[in-house]
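Participant: predicted model and sequence follow; I will ask about them next.
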Amino acid sequence: MNTNTSPQDLKQEVLEKIQSGEVSMKSRRYFMLKVIYTVALTVLTAISLFILVSFLLFSLRVSGQFFLLGFGFRGLEAFVLLFPWWAFLVTAILLFVLERILVTFRFAYHSPFIYLFLSSVLAVAVVSYIINATSFHGSLLDRAHKKNLPVVGGYYQNSSAVRHDRGLFRGVIVSIGDNFIVIDDDDDIRGMPDLIRIQVPDNMSMVGLFDIGDRVYIGGDIASGSVRAYGIRKIIPSPTGQMK
Amino acid sequence: MRYAKGMTSPVSALSDEEIAHRVQEGNTEDFGMLMDRYVHKLSRYGRKFLSNDDHIEDMVQEIFIKAYEHIQSFDSNQKFSPWIYRIAHNTYANELRRKSRIPVSFFDFDVLVSYAVDTNTPEHEQERQEMKKIVDQGLEQLPSRYREIVILYYIDDFGYKEISDILHIPIGTVGVRLRRAKESLKEIYKKLHINHEY
């Protein structure tokens, strides 16, 4: 078409294309399927986010990584190093995808984007917290330990593992001394005895703090077969049997 | 206009939404009536937004073809004009991106946060009428995101909510962009020594 096309010519050209079948109307079913697809994608993305974030919280809890936050700067450093950043990255990507889908809906673009984003983050946080409070991930972890969880079983087994290579231990106290404790570690660690002597921090008083039989989580440096701890935390079992 | 029972109203007497509904039902020839009603408006919108692009007619044709192809997605309980203007906005914005050497960003920090808007006051209406008289001048010097909103509000007479539907931005952002567009226009008028009374 050239620049001198009159509105009448323009109209005629479009109508001719319609009548010749060169241009055809997409069916109502096509748009209904598109809406269903968009809604399904939204729901799927949201469910993926709920499961991923609740799994992230669950793994931090069962591996004891949350305790590191109470172990001062060394604990914080270890927490940052051990944090599953891949899950955080995937969460951020899924949140971005969810926002991109949501802004195509009228209710979403009428409001400021920050409201939509904060609402999504809040919804993901609340639902993930609720899922984490149930036995959903715990039962999947049990199945993973029994080698009865295909595909994601490995993730669950890794989630509960304590990173000895990073100086983290979990076990039951079998002996208490003036400035040390001995624990029977939960896991068999290659190159370490079953019973591990833990040197407690100099500023930590042992009186009344721990008893034999307590389960503890320890952050420390491995040195000649024993561990010099920078943080020790007693693990209190929750009513559901999970530690907290 | 009222018609006796059994008589059908001529298509020209129907609203855009009613005609669109008839097209959806299979009366494809009625689409010509919608084209008659929008061809000048969409051409003007394109010429002002793209600053007299040589291919406006091609793009208007493309808009009508897209509108026809997607007419079943139109909800006839909603207004037709923001729907077809949304198609036009996408077409023109794509053209602007294609033409521009510098990447054109339609992202705006103002869409992130919340703003209160004050619409439909007598002052607004008076100011709108005043602006209409002079808004053509200096329009080309406005950044594209402000230029477009000025065209939609002052020239095409859309309300805040309709502009929000066309541009897919929050209603508060429409108000903020308009205010900034006016401030930019004032600066332009100062440079051009144009008297303005708004």
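Facilitator: On my side now, so go ahead. Residues are numbered from 1 along each chain as shown, chains lettered A, B, ... in the order given.
Participant: quick one, helices of chain A?
Facilitator: Along chain A, counting by DSSP state H, helices occupy A:7-20, A:28-62, A:72-82, A:85-102, A:106-109, A:113-133, A:136-145, A:153-160.
Participant: tilt between the third one and helix A:28-62?
Facilitator: Interaxial angle of helix A:72-82 relative to helix A:28-62 (axes from the mean of the first three to the mean of the last three C-alpha atoms, to 10 degrees): 140 degrees.
Participant: so what's A:Arg163 up against?
Facilitator: A:63, A:82 (C-beta atoms under 8 Å, 6 or more residues apart in numbering or on different chains). In this view, the C-beta of every residue, glycine as well, is placed from N, C-alpha and C.
Participant: what values do phi and psi take at the residue most central in space within chain B?
Facilitator: In chain B, the centroid-proximal residue (C-alpha atoms, centre = their mean) is B:Leu152; its distance is 4.0 Å. With angles defined as degrees, to the nearest 10, B:Leu152 sits at phi -70, psi -40.
Participant: that one against B:Asp165, yeah?
Facilitator: No: B:Leu152 lies out of contact with B:Asp165 (C-beta atoms under 8 Å); the separation is 10.6 Å.
Participant: quick one, what contacts the spatially most central residue of chain A?
Facilitator: For chain A, the residue nearest the mean C-alpha position is A:Leu56 (1.9 Å; C-alpha atoms, centre = their mean). The contact partners of A:Leu56, by C-beta under 8 Å, 6+ apart, come to A:84, A:87-88, A:91, A:128.
Participant: quick revisit: quick one: contacts for the residue nearest to the centre of chain B?
Facilitator: B:45, B:85, B:158, B:162-163, B:166-167.
Participant: from these, which is closest to chain A?
Facilitator: B:Leu167 (8.6 Å; C-beta to the nearest C-beta).
Participant: out of everything not next to it in sequence, what's closest to that closest one?
Facilitator: Leaving out its chain neighbours, the residue that sits closest to B:Leu167 by C-beta to C-beta, 6 or more residues apart in numbering or on different chains is B:His89, at 6.3 Å.
Participant: tell me what the helix or strand harbouring that neighbour is packed against?
Facilitator: Element membership for B:His89, per DSSP states H and E: helix B:80-99. Here helix B:80-99 touches helix B:16-24, helix B:31-50, helix B:56-69, helix B:160-167, going by 3 or more C-beta pairs under 8 Å, 6 or more residues apart in numbering or on different chains; DSSP states H and E.
Participant: return the set of buried residues in the longest one.
Facilitator: Translated: helix B:31-50. Buried positions in helix B:31-50, judged by neighbour count with 16 or more other C-beta atoms under 10 Å in any protein chain shown: B:31-35, B:37-39, B:41-43, B:45-46, B:48-50.
Participant: sketch out the low-pLDDT regions of the chain for me.
Facilitator: As the question left the chain open, I've gone with chain A. Applying pLDDT under 70 to chain A flags residues A:1-4, A:188-193, A:205-207, A:237-244.
Participant: chain B was what I was after
Facilitator: Those would be B:1-9, B:52-53, B:101-123, B:195-198, if you go by pLDDT under 70 across chain B.
Participant: from the buried residues of helix B:31-50, pick out the ones that also neighbour chain A.
Facilitator: B:31-32, B:35, B:39, B:43 (C-beta under 8 Å from any C-beta of the partner chain).
Participant: which of these sit farthest apart?
Facilitator: B:Phe31 and B:Ser43 (17.3 Å; C-beta to C-beta).
Participant: just give me how far the longest helix seen in chain B sits from the chain centre.
Facilitator: Ranked by residue count, the top helix of chain B under DSSP H comes out as helix B:171-192. The chain centre lies 17 Å from the centre of helix B:171-192; the measure is C-alpha atoms, centre = their mean, to the nearest Å.
Participant: elements contacting it?
Facilitator: helix B:144-150, helix B:160-167.
Participant: give me every residue in chain A lying close to chain B.
Facilitator: A:1-3, A:5, A:7, A:10-11, A:13-15, A:17-19, A:23-28, A:30-31, A:34, A:103-104, A:106, A:109-115.
Participant: rerun at 7 Å
Facilitator: A:1, A:3, A:5, A:7, A:10-11, A:13-15, A:17-18, A:23, A:25-28, A:31, A:103, A:109-115 (C-beta under 7 Å from any C-beta of the partner chain).
Participant: of those residues, select the buried ones using a ChimeraX command.
Facilitator: In ChimeraX, a selection of the buried entries from these looks like this (16+ other C-beta under 10 Å):
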select /A:5,10,11,13,14,15,17,18,23,25,103,109,110,111,112,113
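Participant: my read is that B:Arg86 contacts B:Leu167, right?
Facilitator: No: at 8.1 Å, B:Arg86 does not count as touching B:Leu167 under the criterion of C-beta atoms under 7 Å.
Participant: so between those two, which is more surrounded?
Facilitator: B:Leu167 (25 against 16; other C-beta atoms under 10 Å in any protein chain shown).
Participant: the domain parsing of chain A - what is it?
Facilitator: Domain assignment for chain A by automatic domain parsing gives A:28-159, A:163-234.
Participant: domain assignment for chain B?
Facilitator: B:13-99, B:109-192.
Participant: closest one to A:Asp202 among these?
Facilitator: In terms of C-beta to C-beta, the element of the domains of chain B nearest to A:Asp202 is domain B:109-192, at 50.1 Å.
Participant: can you give me how far the helix holding B:His89 is from the chain middle?
Facilitator: Counting by C-alpha atoms, centre = their mean, helix B:80-99 is centred 9 Å from the centre of its parent chain.
Participant: and for stretch A:26-45?
Facilitator: That offset, for stretch A:26-45, works out to 29 Å (C-alpha atoms, centre = their mean).
Participant: can you tell me what sits against it?
Facilitator: A:94, A:97-98, A:101-102, A:104, B:69-70, B:72-73 (C-beta atoms under 7 Å, 6 or more residues apart in numbering or on different chains).
Participant: if anything else comes up later, I'll come back, but that's it for now.
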